[in-house]
Every structure is written in structure tokens, then in C-alpha cells.
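Novice: generate coordinates for the sequence data below:
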Amino acid sequence: MGTMVERSPGVWQLRAQLPYDPITGARRRHVETFHGSRKAAGQRLADIEAEIRRGARRRRDATLEVAIRDWREHADHAPGTAANYDRALATIPLKLRRTSISELDSRVLRTFVDRVVAEHGAHRGRLVHALLSGALRYAWEQEWIVANPMARVRVPRAPERPDTTPDAAAVVELLDLVRDDLELHAWLLCLVDLGARRSEVL
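Specialist: Numbers count the residues shown, from 1 in each chain. Modelled structure (predicted):
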């Protein structure tokens, strides 16, 4: 049960009981200074206690969907990354999303990722793997679960790209085509001679 003590007119010290320390067993409290009326202070204390109860339920009963949502809110991904994760999330069936993270194991997740690769390709499989790994690693860091089951699920191999390196004859033909454009010609010569990345030559 929380307590509130008025230290000076309109200044309250609020105390709320936190879960016991899991290592030492010591009692822990949330202590906060609040400025306002007695009624407002009482409401703030009630809000603190409600949040503590929600946190306890979340740690115990969090679903995969909750873990993904909280991780994404915490990580604040760039728009392009967020769009990729939206596509990955749409691939995860509702039943799996609503499964408690404490019930997930590596075997189930490995089978699911393999199925995504078979049905949607390696790129989508890699996105799903990244989404699940990030969310469950976050849940593990928050101590909602004792281990991250995705730690034992390998990232799907990226699809092999065909070799598009031009042969010597093609390079000579290309250089001949652009010989009147001095800057482009010089840039291509550097590419050919150095074998460096485009960004490095630029």
C-alpha cells in the first residue's frame, strides 16, 4: 500500500511498494515528490501503483505482440527500418503474435522462420528474424523472460546474386562509349584500375 506525506504546503512525498529485489530479497520502493493538492497527489499515487501492477502483469504474461510493440517504441527506428518491420510483422500469424513469450522456444521459432523463407523468400525471412530477435532480446533485457529463444535461431542466408562483373572486352567497349565525357571516363578508369567501391572512388 502506498503512502503520501505532505512535507510542506502543496509538496508531497509519494511512496509506492515495488516488487522485492529478485537477488537480495530486499524491499524496494518508488519515491516521488509531487506538487499539488491532496486530491491530485492521491490520484498520482494511484496512477503509480497501477503502472507497477501493469508492469508486473506485463513481465509475467507479455505476448509476442506486446514485446514487439514495446521494443519498437523503445528503439524508435528510422522510417525505412520501421516500414520493413511492418512488412515482417504482417507475415507473423495472429495466433503466434498472441502467444505468451514465456511459451516460445527455439524449435517453434526456427520452424516458423524456415516456413517464411520457403513461402516468401530469404529477404522476408531475414526481416522476420531481425524483428523477432530484436523484440525477444529486448524482453530478455527487461527480464520478462529468462533466455532469448531467438539466440539459437540462425539468420537465413541471403540469396546469392548473379555475378555481373564485366569482362575485359565489355570494359574496353564501355570506356570507348564514354571517351568524350572526361569526368565519367576518368571515374570508370579509376574503378577498373582500383577495383574499389563506387563510393570510395567518388
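Novice: so who does residue 71 touch?
Specialist: 134-135, 138-139 (Cβ atoms under 8 Å, 6 or more residues apart in numbering). Every C-beta, even on glycine, is put in place using the N, C-alpha and C of the backbone.
Novice: so it is in which element?
Specialist: helix 64-75 (DSSP states H and E).
Novice: kindly report the same for residue 44.
Specialist: Here residue 44 sits within helix 38-61, counting by DSSP H and E.
Novice: contacts for that helix?
Specialist: Residues contacting helix 38-61 (Cβ under 8 Å, 6+ apart): 2, 4, 6, 12, 14, 16-19, 30, 32, 34, 36, 66, 100, 102, 142-144.
Novice: how about the helices in this structure?
Specialist: 38-61, 64-75, 79-91, 94-97, 106-120, 122-141, 168-177, 182-194, 198-201 (DSSP state H).
Novice: mind putting those in CSV, mean pLDDT and distance to residue 148 included?
Specialist: Listed next are the helices of the chain as CSV, based on pLDDT from 0 to 100; distance: least, Cβ to Cβ, whole Å:
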stretch, mean pLDDT, distance to residue 148
helix 38-61, 79, 15
helix 64-75, 91, 11
helix 79-91, 94, 17
helix 94-97, 94, 16
helix 106-120, 95, 9
helix 122-141, 94, 4
helix 168-177, 86, 48
helix 182-194, 85, 43
helix 198-201, 76, 35
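Novice: deepest of those helices, which one?
Specialist: Of all the helices of the chain, helix 122-141 has the most neighbours on average by mean count of other Cβ atoms under 10 Å, namely a mean of 20.
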